[in-house]
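> Predicted model and sequence below, questions to follow.
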Amino acid sequence: MKFLKKLYDWVLHWAETPYGPLALFLLALAESSFFPIPPDPLLIALCLGAIKKSWKFALYTSAASVTGGILGYLIGFNLWPVVDTFFFKYIPGFTPEVFKAVMGNFDNYGFLYVFMAGFTPIPYKVFTVASGVFQLNFPLFLLASALSRSLRFFAVAALFRKFGPGIKDFIDKYFNWLAILFMILLLGGFLVIKFML
């Protein structure tokens with residue numbers, strides 16, 4: 001937990017630098033297609049540091065995440081035979097078994113899969129790349145991505161706008177429990193992918 005607390009404190013410092021919004025944008029962009037760390041902790045840190053800018057940070061995160069999702073779609077659509085081994089070996093949540101299971105129902109449930117992954121701790125990147133591999137209707141993919149990612153990140157911003165600086169004290173007080181909960185949700189997301197079909 002000490003490591004997580006140090007990481008949390010390090011992430012918080014971006015809220016006080018001029019590079020925070022750029023770092024948030026780049027993290028959200030990368031996470032949607034290949035990077036394993038979600039943008040939520042940095043979004044939270046920036047909102048804590050500048051609550052009045054929470055809507056702007058949510059907008060940056062949503063736009064970057066959807067753009068990264070498009071990149072993931074293009075990777076799946078154009079490069080999958082070249083990069084599949086890399087993804088299966090190095091990206092959490094990508095396994096040949098999961099892809100085989102998802103393939104059978106993607107035509108019927110692709111929109112729902114992308115929406116669920118975009119809004120929950122289920123790894124969104126798995127479904128952005130899968131959408132390209134299975135050639136999900138692109139406007140449908142874009143709609144599911146834009147709706148789910150915006151709902152997720154604007155919900156975070158809304159909490160900070162509603163509860164203000166007091167929410168920082170709550171996070172600091174219950175950080176260890178929140179970290180455990182986050183890890184459970186993240187692992188739960190991987191399990192949902194494994195067993196949803």
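Good, I have the coordinates.
> tell me the helices in this protein, going along the chain?
2-13, 20-31, 40-49, 54-74, 80-90, 96-119, 124-133, 138-163, 166-173, 175-195 (DSSP state H).
> Using a markdown table, lay out those helices together with mean pLDDT.
Shown next, in a markdown table, are the helices of the chain (pLDDT from 0 to 100):
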| stretch | mean pLDDT |
| --- | --- |
| helix 2-13 | 62 |
| helix 20-31 | 90 |
| helix 40-49 | 82 |
| helix 54-74 | 95 |
| helix 80-90 | 82 |
| helix 96-119 | 79 |
| helix 124-133 | 89 |
| helix 138-163 | 90 |
| helix 166-173 | 68 |
| helix 175-195 | 62 |
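> Reformat these as TSV; add mean neighbour count.
Backbone N, C-alpha and C define where each C-beta goes, glycine included. Output for these, formatted as TSV (neighbours: other Cβ atoms under 10 Å):
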stretch	mean neighbour count
helix 2-13	13
helix 20-31	20
helix 40-49	22
helix 54-74	22
helix 80-90	13
helix 96-119	17
helix 124-133	26
helix 138-163	18
helix 166-173	13
helix 175-195	14
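> Ramachandran coordinates for the spatially most central residue of the chain?
With distances taken as Cα atoms, centre = their mean, the residue of the chain nearest its centroid is Pro38 (4.6 Å). Per-residue torsions, Pro38: phi -70, psi 160 (degrees, to the nearest 10).
> Report pLDDT for it.
Pro38 is assigned 80 on the pLDDT scale.
> show me what contacts it?
Applying Cβ atoms under 8 Å, 6 or more residues apart in numbering to Pro38 gives the contacts 31, 121.
> repeat that for 6 Å
Going by Cβ atoms under 6 Å, 6 or more residues apart in numbering, Pro38 touches Glu31.
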